[in-house]
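>>> Here is the input, now give the coordinates:
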Amino acid sequence: RNVFVLPGVPPFFRNKLDSILDSFVTSTPIFTARARVTAPEHILVGCINAVVAEFPKVKIGSYPVNEMKDTVVTFEWMNQGE
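Numbers count the residues shown, from 1 in each chain. Here you go, the predicted structure:
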């Protein structure tokens, strides 16, 4: 339903993309933010859970980087007031 297989030949790719492009367009803007934190992910879990509890409509992801010494935390939301 939300997986698309696209051909590699440019003219065929363009035709297919034109037919599915509306699937990616939304009338509601999506806001995103990203922060790199100098702390391992397991140290941040409590803070991340507190933010999730405070802002349940915000999608939050955390990704260990730099041999798991740092963490990239991502935020995605639809209402600018969130």
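>>> Most distant residue from the centre of the chain?
The centre of the chain is farthest from one residue, residue 11, which by CA atoms, centre = their mean lies 29.5 Å away.
>>> looking only at pLDDT, what's the mean for the host helix or strand of that one?
Assigned by DSSP states H and E, residue 11 belongs to helix 10-20. Averaging pLDDT along helix 10-20 gives 88.
>>> partners of whichever helix or strand comes after that helix, with directions?
Where DSSP H and E defines the elements, the next helix or strand beyond helix 10-20 is strand 31-37. If you go by DSSP bridges, strand 31-37 pairs up with strand 70-77 (antiparallel).
>>> Residues in contact with the biggest helix by length in the chain: which ones?
When the chain is parsed with DSSP state H, its longest helix is helix 41-54. The contact list for helix 41-54 (CB atoms under 8 Å, 6 or more residues apart in numbering) reads 37, 58, 60, 62, 63, 64, 68, 71, 73. The way it works is simple: take the backbone N, C-alpha and C, and place the C-beta from them, glycine included.
>>> out of those residues, who's nearest residue 31?
residue 58 (9.2 Å; CB to CB).
>>> Enumerate every residue touching the closest one.
Contacts of residue 58 by CB under 8 Å, 6+ apart are 51, 52, 75, 76, 77, 82.
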